[in-house]
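Q: Let's see this in three dimensions:
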Amino acid sequence: MSKRFSRNLILSVEYLALCGSIILIFYSIINSNWEVTAAALAVVAAIIANFNSQRISWKQEDEYEADLDIKFDLKIVRKMALLVIENTGGSRAYNIKFTITPELRVLNNKIIKDGDLTFIDKKERIQYYVAYTPDMFDENSKGERPKQYTVHFSFSHTENGNSVKKQKTISMEQYRMTTSPDSDLENFFIKNSNISEKLDKLEKAVLKIKN
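A: I've put the predicted structure just below:
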């Protein structure tokens, strides 16, 4: 039984119980049976409290489990487009498999079509150097490279667990009109890496002027 099916089954039972309790409240009020009304109200309160508790528990469970994302990234290495497979979840992902359609050409004219990884730890990322960013945009515009790729990928939460299957379309086109698809963030850190040293020099210069 899948996690989604079991959760939907639990929610269905709770909704039926909630609807039944509300109907019971309605008829008990009509018949002035206040004891039944009070009991039904208590049941409704318990169902709502249980639902809220379940929602928090399921959220924590989902955050702990492994989850994969595959995308193009232009911010890690300046002027370089990367294909990144990242575990965004809270535990190790196992038995990672992915297929890219159409085939993705990367540096040195190598092709990525199918991938098979034993595991990826939480918050870990696997990177493939695809192409220099300006070259990739230029090839996309000229039709020498596909603008979109469909990625089918799967992984499991345990070594021998059932596979979680996903599909995603990835593209670089959304970055084309940004102010700097190369890496504004990286440029900022590079230019300001010695900012403390510059401030010290400025302070010394100001003190010399005062003296």
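Q: switch to C-alpha atoms for all contacts and neighbour counts from now on
A: Fine.
Q: Check the chain for its longest helix and report it.
A: helix 34-64 (DSSP state H).
Q: which secondary structure elements does that helix contact?
A: When contacts are defined as 3 or more C-alpha pairs under 8 Å, 6 or more residues apart in numbering; DSSP states H and E, helix 34-64 sits against helix 3-30.
Q: hang on, the earlier thing: between helix 3-30 and the longest helix of the chain, find me the angle.
A: Helix 34-64 and helix 3-30 meet at an angle of 160 degrees, taking axes from the mean of the first three to the mean of the last three C-alpha atoms, to 10 degrees as the criterion.
Q: Would you mark the buried spots in helix 34-64?
A: Within helix 34-64, the residues scored as buried using 16 or more other C-alpha atoms under 10 Å are V36, T37, A40, L41, V43, V44, I47, F51.
Q: Tell me which strands the longest strand seen in the chain pairs with, and in which orientation.
A: For the chain, the longest strand by residue count, based on DSSP state E, is strand 93-105. Within its sheet, strand 93-105 is paired with strand 111-120 (antiparallel), strand 148-156 (antiparallel), according to DSSP bridges.
Q: Please identify the deepest-packed of those.
A: Most buried of those, by mean neighbour count (mean count of other C-alpha atoms under 10 Å): strand 148-156, with a mean of 19.
Q: sorry, back to before: switch the strands paired with strand 93-105 over to TSV; also include mean pLDDT and distance to E14.
A: Formatted as TSV, the strands paired with strand 93-105 follow (pLDDT from 0 to 100; distance: least, C-alpha to C-alpha, whole Å):
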stretch	mean pLDDT	distance to E14
strand 111-120	92	37
strand 148-156	95	29
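Q: now the ones you listed as a markdown table including distance to L104?
A: Formatted as a markdown table, those follow (distance: least, C-alpha to C-alpha, whole Å):
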| stretch | distance to L104 |
| --- | --- |
| strand 111-120 | 5 |
| strand 148-156 | 8 |
